[in-house]
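Chemist: Can you look at this prediction? I've put the sequence above it.
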Amino acid sequence: MDRRDEFHVLTELDPEAFLAASERIYKRQVREALLVISLQRAFRLRRLAIGVAGVLIAISEIFASVSPSRASHFILLLIPKRSREHLIGDLEEEYRTKVLPEYGRFWARLWYWEQTILAIGFYMWPMIKRVLGLAAIWKVIGR
Amino acid sequence: MDYLGEFELMVMLAVLRLGSNAYGMTIRREIVDVAERPASLGAVYTTLERLEDKGFLSSAVGEATEERGGRAKKYFKVTASGAGAVKRSLKSSAAMKAGLGLAFGEAYGSAR
């Protein structure tokens, strides 16, 4: 018996039974609605969890697949020739002999990238200042 | 007369402490381990280059090893003018500290 038939039958009965049955149907509908809402929420959370997991996997893939020597090729182009080879050599030596055995691959790779980005920053900053004219402005204002 | 900045003085002292084994990585580690302050290789190298340009440091290319990916080390040595600059900086710091006398000790003691 579907809900419409059930309601039709109930209307033939006494008012009290009708009210009780209506309440029962209402409660069931509320339960069903709550179930749908909780399922939707769970689905959204699942999607969020899948998204977060995907990002984490992508990051770990980057760290796992891109070797530090590729990073060294990257900084090679941006650091002046004068210290380029020596800086990369020092970076690789510290990475291989100190950081990797002490902290493991993930943290060692993170350290390597941090050092790479900082090195680029230290070498590029004076150039950026010159290009933007900040060096002249800072000289004028006495910084 | 050229004066040394705070980080420049750290680098100069690290080079003096390391003697004949002063190159980028060891200088960085000396600053981190002994002075207990963070220092990136980029900061160390830009400072070394600046000090070399000022004539406070001299450099020589050393051997290439396997763990460095076949890249040569660059050893640094403090020049006579560099040693003079370190002495001047330490002397002026000591003079400024001595001027504070007991007040510095009390302030330091109460802060701890």
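Modeler: Thanks, I have the structure now. Residues are numbered from 1 along each chain as shown, chains lettered A, B, ... in the order given.

Chemist: what's around the closest residue to A:V99 other than its chain neighbours, how many residues?
Modeler: In space, and not counting its chain neighbours, A:V99 is closest to A:A108: 4.5 Å by C-beta to C-beta, 6 or more residues apart in numbering or on different chains. Placement of C-beta: from N, CA and C, glycine included. A:A108: 20 surrounding residues under other C-beta atoms under 10 Å in any protein chain shown.

Chemist: if I look at A:A108, how far off is B:E66?
Modeler: 18 Å (C-beta to C-beta, to the nearest Å).

Chemist: same question, B:K73
Modeler: Distance, B:K73 to B:E66, by C-beta to C-beta: 13 Å.

Chemist: Between those two, which has more neighbouring residues?
Modeler: Neighbours were counted for B:K73 and for B:E66 using other C-beta under 10 Å; B:K73 has more, 23 against 8.

Chemist: and the helix ranked longest in chain B, what other elements does it pack with?
Modeler: As assigned by DSSP state H, the longest helix anywhere in chain B is helix B:80-100. For helix B:80-100, the elements it packs on are helix B:6-18, judged by 3 or more C-beta pairs under 8 Å, 6 or more residues apart in numbering or on different chains; DSSP states H and E.

Chemist: next helix or strand past the helix it packs on?
Modeler: As assigned by DSSP states H and E, the chain's next helix or strand after helix B:6-18 is helix B:24-30.

Chemist: How about that next one and chain A, touching?
Modeler: Yes: using C-beta under 8 Å from any C-beta of the partner chain, helix B:24-30 reaches chain A at B:24-25, B:28-29.

Chemist: Right, I'll leave it there.
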